[in-house]
Structure formats: C-alpha cells, structure tokens
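Student: Give me coordinates for this.
(2 chains)
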Amino acid sequence: MAKKVLVVDDDENTVKFLSAALEMNGYQPVGAHNGQEGLEKIKSENPDLVILDVMMPKKTGFVLFKQLRRDEQYKTLPVIMLTGVAEVLEDLDSQSGDTMERPYDALREAMRKAIREMKEEGLIKPDQFIDKPIDPELVIAKVKELIGS
Amino acid sequence: MWKRVPIACKLSAAFAVIIVVVLVGMDYVVGLYAPPESAASRHWITLIAILVALGLACVISRYLAGRLIKRPVDELLSGMDRLADKDFDFRLDEDRGDEFSALAASFNDLVTILSSSLTELKKSQDYMRSILESSADIIITVFPSGKIRTFNAGAEQALGYPRLEVIGQPIEMLFADPQERRVAIERLQYTDAVVNYETRFVTKTGQIRNVLLTISRLRNPAGEVIGTIGISKDITEEKRLQNQLIQAQRLVAVGEVFTSVQHSMKNMLNACKGGAYMVKAGLANDNRKMLVEGWGMVEEGISRMTDMSTDMLKYVKEWKPRPDRVDLSRILSDIHRLIKQTAQDKGITFRVILSPEIPPVVCDARMIHSAVMDIVSNALDACLWKAYTEEETPEVVLSAYPGKGEEVVIEVRDNGCGMTEEVKANIFSPFFSTKSKAGTGLGLSITSRMISVHGGEIEVESEPDRGAIFRIVLPIDRTDRSKEDIDGKKGPGS
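Tutor: Reported below is the predicted structural model:
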C-alpha cells in the first residue's frame, strides 16, 4: 500500500507540484492549505510524513509543528519543513556561534527564536528543512530517505 | 581753638599784628633816635616805618599763605594724580580744622566710593571674563569692520590659534567658506540674532570643524552697534557620528531591500521551478493535464516577477499628480463596481457609504483611485486571513465624509485579521509584506506616497483579530501646495 504524505502549504502551486511529484514516485499525496486544515488532515488521514510550510496564515507551520510534537501520538511523525531561510536554521542546528548576524531580517530572527524555544522544550526537531524555491526532486529524495518507497 | 579760625581771619589777624608790632617798634626806634622837635623827619621816619611794616606784613603773610593754602592744595593735586593712577590706598588729612578739612573729607569720601565701585566693576568684569574663558564654546567678538576683537580660550582650544595671533585679523579667515559668514551677516540685518546657523570653521592646521553658530549684534548703552558676538558649538564629532549612522542605516536599508527582494523572488521562482518540474514530468509521461498545469505555474511566476519589476519602477519614479476637481463619490462608486464581484466570490460583504456633503476635491483622480483600490484589496485579504466565528461575517466598508476643517476623509474599515503593533509600524515601509507569497511589499508604500504628494496622510487603527481602519485624509484644495511638493520632490530624472 502506498505511503501517505500530507503537503501543507497556503501556496496552491506548491501543493500541486509536490503532489504531482509524490504521486509519480508512488506516494499517496494529500493537500491542505493552512495550518488548521493541516491539523485536521493529520488526524483524519493519519499520514506517514508531513511536508509543512512555515509561513502560513491562521496557524503558522511552527505553531502546528509544536502542537504535533507535544502530542504523544505524533511525537516522532517525520516532518519536512519548507522555509525561505533554511540555511539559517541549519546554522542554529549546528549550534555554531559565528552565524552571520543580519539584524534587519525579522523573519530569520523569529525562526531562530521559535527553534530555540522548541529545543528548550525538548521537542524533537523537524527531520529536514528545505529552502524555497523548492526542488521537487530533492523533496522526493528526502521523503524516500525518511520513510522509504 | 586757633585751628577752627578761618584762614582769611588768620591771615588778616597776622597782617594786623605785624603792622601793629612794626609800627610800635618803629615808634620806639623813632623815639630813641629822632629828636622830638624835628616834625618833618618824624613824619619821614613814620612813613618809612609804615612801608617797612607793610613790606614785612606782606612777606610774612605770603609765607603764612603758602603754609596755610598752598600745601593742602598741593596735597589735593597729588591725590588727584594718584587717583588718576587708580591708587586708592591713601587718604588726605581731615584733621586740619580749616576749610580744607571739609574738602579733604569730601575728597576722601569720593576716593572710598570710587574705590569700592571700581572693585565691584572689576569683580563683575572678572566674573564675566571667567564665564567667557571657562566656556568650552567658541566665543568671538568682532568689530563692525569685521576684525576680530576678542577670542576666548574655547576658541583657542577648538581652532588652534593663540588669541594674539588672530585679534585684529579679519574674521573671515576662520571660515572654511567666507561666503557662509556673509550669508549669516546678511540674515542678521533682518533680525537681532541668527541662531544655530550651521557652518564650518577651519583650524590653524587646516582641519574643518563643523559648528553651530549663534551670532548677535553687540550694542553700547546708547544703542549703537559696536560689532557682533558669535558663540559657536563644535559639532564635528556629532556630525561624524550622525554621518556614520546614516551610512549604517543606508546599508541596513539596502540590506533590507535585498533581503526582501530575495524573499519575494524565492516565492516567484518557487512557482517557476515547480511548474518547470511539472512540464518536464508531463512531457516525459505524455501527461497533458500535468503539462498544462505546470505551464500555468511557470506563467504565473513570470507574471508575478513582472508585477514586481513594475512596482519597483513605480516606487522609484517621479510623482507628478495631475490635479483636477474630482467628485470622490464617483471614484468610490467605481471601486465598488469593480470589487463587488470579487468580494462576493470570496464571501465578503463589500459596502460603500457616501456622505452627501463631500465637497469636490482637487486631486489626481487616477492616483486616488489607485490608492483607495490598494487599501480595499488589502482589506479583502485581511478578511481571508481571519477565522471568523459563526456570528460574524467578513465585511469591508468603504466610506467618505468631511473631515476637520478643509479636509475630506476616505475610510476603509474591515473586520479581518488586524495587525500587531509591529506590523502596523512597518506597513508603509517598502518591501515589508505579510503576504509572503503574493505581495511585492511595495503596495502600501506606493499608496502612502501617492497620498503624501497630495498633501494628505494615511492614518491606521488596528488590533490583531479586531480588523483595521485605514483613513485617507485629503486636503480639499491644495493646488498651490501640491505644486510646491512636486517641485520640491523632483527626482534625479527631472
């Protein structure tokens, strides 16, 4: 039976092309267009992996992610996060203190803070960050790596 | 007792005594030598005796007069001389008893008064001087001829000239651009003081110091101009820091612009990249539906990049409103007609309320239309971003009404997602966007400029989840001012 992957992104295009790519690679894609819908779909569809966009209206990717991780049932559910600033998140991940500061970038700052808080809370971090513009082939490769074909 | 007798009496008495003594003496001598029967020789002798007595009286009186009058007068004169030399450490003898005592006492009083008032004067002069000297500001007074009169320690310190070197020199030598001093002096003709005039001094070693110069006229008690006094504050360091800050802010601004453009481009490229992937997959699998969808995405990405490039151009180009008498209700009705359907499709109620008393406004109808349209579209988006409860329906209300005085207000009110303080503070900054995937981040920034070239402004009220109110306040007739604004805002292209 095909493994189920949920794509949560308010950008219709991203949901569309990632779903197409997943389908071509033998996965069963499910789409959601905001955080709220994403949470409902996780509960109703019970996906094997979630691809989650960070910047979304109503409920941001991080809010949804934290909610998942705090729930015993989804504590280890594989999550790939789509961001515009993946390189910064990786800096933070490797705990390197010499990350170049770009104080004018409020979004990066907000992300760092969110990740730091998650770490402090002891939540398992997302399995993978993928930066935009998204390379569908890279996403498929990561999905394969995380949950197999 | 004798001391209290006036000098004239003393002299007369002395004179009389001498004459009597000499006459008696003579009489005695005549009695001794002249035979009493020789009346003629007796008369001669008497005459000689009188003459001798007069002569003696004159000599003795002269001596006495010298003693009694000349000495005190000389003393008085020498006192005057000492006074002229500002020597106040002496007093005349007041205890002589004659008329000179009173004179000496008056003179002594005069010396005392003069001495104490001069001491006072010197004290206040010293005080003033110490203020001038201890001031770190540059204080220079100048004669009407333009020559330097005084130069304080602050000036020596800041400009590196010892005062002896500059006093008497033309003040222009201290200005990096003498023309700037002339401008300040010209301004001084119309007012008593020119305050905080920003100019540049040049030091002895040729360095430029930025100063804030306050220059005022110096007048004597009669009100005549006796020169000018200039007090300058050295602001070189402040200026340097300010420039550094501006430079840093400029870098930050450029950084912000680049980051923002990059964010926007990432989203646009995302559509292109995903679309291209689908086109490729569609071709490989001979899947027409995929091909069409993919191509649609590529086109969308391209069109969004085109929009952004147009907006960026719009943002930097020169603004020249073409003012006309405009009926705002027509603009608002037109927007209502254009937006109504879109709003309805999105499940949003869109209403327009027009006050009948709105006067015609002198403005560029095209620009106001575009500005209002932009704010209305934002309001619709804000409604889409909010999770409404069952009792609430998404609504956007556009209205216009007379404002305070000569103003009209165009109001756009929505009950959408609202804004945090942080977002509110940034909405008019270029490239700031909360619509990470759709906006260019330039919309409101362009809108606010369109309104400001009309001499108007945009006010915002909002709270998260409580909707937002945007008010465009427009002056009814600002033809003259808006012309000024345009002239003042000529960009590099003009």
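
Student: check which helix or strand covers A:Ala141.
Tutor: Taking DSSP states H and E as the criterion, A:Ala141 maps to helix A:136-147.

Student: That helix packs against which elements?
Tutor: If you count contacts as 3 or more CB pairs under 8 Å, 6 or more residues apart in numbering or on different chains; DSSP states H and E, helix A:136-147 packs onto helix A:12-24, strand A:49-53, strand A:79-83, strand A:128-131, helix B:236-284. C-beta coordinates here come from the backbone N, C-alpha and C atoms, glycine included.

Student: Show me which residues of that helix are buried.
Tutor: Across helix A:136-147, burial judged by 16 or more other CB atoms under 10 Å in any protein chain shown covers A:Pro136, A:Val139, A:Ile140, A:Lys142, A:Val143, A:Ile147.

Student: Out of those residues, the closest to chain B would be?
Tutor: Minimum distance to chain B across these is 4.5 Å, recorded for A:Pro136 (CB to the nearest CB).

Student: Wait, the closest one touches B:Tyr277, no?
Tutor: Yes: under the contact definition of CB atoms under 8 Å, A:Pro136 touches B:Tyr277, with a separation of 4.5 Å.

Student: which residues are common contacts for those two?
Tutor: Residues touching both A:Pro136 and B:Tyr277 (CB atoms under 8 Å, 6 or more residues apart in numbering or on different chains) are A:Phe17, A:Ala20, A:Ala21.

Student: Could you dump those residues into TSV with distance to B:Ile140 and neighbour count added?
Tutor: Putting these into TSV (distance: CB to CB, whole Å; neighbours: other CB atoms under 10 Å in any protein chain shown) gives the following:
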residue	distance to B:Ile140	neighbour count
A:Phe17	75	29
A:Ala20	81	23
A:Ala21	79	24
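
Student: out of the residues you listed, who's near chain B?
Tutor: With CB under 8 Å from any CB of the partner chain as the criterion, the subset of these in contact with chain B comprises A:Phe17, A:Ala20, A:Ala21.

Student: possible to save those residues as a markdown table with distance to A:Leu49 and pLDDT?
Tutor: As requested, those are exported to a markdown table (distance: CB to CB, whole Å; pLDDT from 0 to 100):
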| residue | distance to A:Leu49 | pLDDT |
| --- | --- | --- |
| A:Phe17 | 17 | 94 |
| A:Ala20 | 17 | 93 |
| A:Ala21 | 13 | 94 |
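
Student: Residue in chain A with the shortest distance to chain B?
Tutor: Using CB to the nearest CB, the closest approach of chain A to chain B is made by A:Phe17 at 3.4 Å.

Student: measure that residue to B:Pro323 for me?
Tutor: As for A:Phe17, its distance to B:Pro323 is 48 Å (criterion: CB to CB, to the nearest Å).

Student: Nearest residue to the middle of chain B?
Tutor: Compute the mean C-alpha point of chain B, and by CA atoms, centre = their mean the closest residue is B:Asn196, 3.6 Å away.

Student: what's whichever strand or helix holds B:Arg181 packed up against?
Tutor: Using DSSP H and E, B:Arg181 maps to helix B:178-188. With contacts taken as 3+ CB pairs under 8 Å, 6+ apart, helix B:178-188 sits against strand B:193-202, strand B:208-219.

Student: Just the mean pLDDT for the helix or strand hosting B:Leu32, thanks.
Tutor: If you go by DSSP H and E, B:Leu32 is part of helix B:7-33. Mean pLDDT, helix B:7-33: 76.

Student: what comes up buried for that helix?
Tutor: B:Lys10, B:Leu11, B:Ala14, B:Phe15, B:Ile18, B:Val22, B:Met26, B:Val30.

Student: show me the contacts for the closest residue in space to the fifth one that isn't next to it in sequence.
Tutor: Ranked by CB to CB, 6 or more residues apart in numbering or on different chains and with sequence neighbours excluded, the top spatial neighbour of B:Ile18 is B:Ala57, at 4.1 Å. Under the criterion of CB under 8 Å, 6+ apart, the contact partners of B:Ala57 comprise B:Ala14, B:Phe15, B:Ile18, B:Ile19, B:Val22.

Student: go on, A:Ile42?
Tutor: With contact taken as CB under 8 Å, 6+ apart, A:Ile42 is in contact with A:Leu6, A:Val50, A:Leu68, A:Tyr74, A:Leu77.

Student: If you rank the residues you listed by neighbours, which is first?
Tutor: Among those, A:Val50 has the most neighbours (other CB atoms under 10 Å in any protein chain shown), with 28 neighbours.

Student: and it, bridged to which residues?
Tutor: In this entry, A:Val50 is beta-bridged to A:Leu6, A:Val79, by DSSP bridges.

Student: Please identify the helix or strand for residue 110.
Tutor: Let's take chain A. With DSSP H and E as criterion, A:Ala110 is part of helix A:106-121.

Student: I was after chain B.
Tutor: helix B:99-134.

Student: thinking again about what came up before, and the helix holding A:Ala141, how far from the chain's centre?
Tutor: The chain centre lies 13 Å from the centre of helix A:136-147; the measure is CA atoms, centre = their mean, to the nearest Å.

Student: Make sure the residue nearest to B:Ile18 is indeed in a strand.
Tutor: No: assigned with DSSP: H, G, I helix; E, B strand; the rest coil, B:Ala57 falls outside any strand and is helix.

Student: and the gap between it and chain A?
Tutor: 114 Å (CB to the nearest CB, to the nearest Å).

Student: just to revisit the earlier point, now, among the ones next to chain B among the shared contacts of A:Pro136 and B:Tyr277, which is nearest to B:Leu251?
Tutor: B:Leu251 has its nearest neighbour among those in A:Phe17, at 37.3 Å by CB to CB.

Student: Apart from its neighbours in sequence, what residue is nearest that closest one?
Tutor: Nearest residue to A:Phe17, sequence neighbours excluded (CB to CB, 6+ apart): B:Gly274, at 3.4 Å.

Student: How about the contacts made by that neighbour?
Tutor: By CB under 8 Å, 6+ apart, the contact list for B:Gly274 reads A:Asn13, A:Thr14, A:Lys16, A:Phe17, A:Leu18, A:Pro133, A:Ile134, A:Pro136, B:Gly294, B:Met297.

Student: In a markdown table, list the residues you listed along with distance to B:Val202.
Tutor: Converted to a markdown table, the contacts of B:Gly274 look like this (distance: CB to CB, whole Å):
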| residue | distance to B:Val202 |
| --- | --- |
| A:Asn13 | 64 |
| A:Thr14 | 64 |
| A:Lys16 | 69 |
| A:Phe17 | 67 |
| A:Leu18 | 68 |
| A:Pro133 | 57 |
| A:Ile134 | 61 |
| A:Pro136 | 67 |
| B:Gly294 | 69 |
| B:Met297 | 65 |
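
Student: This completes my enquiry, with thanks.
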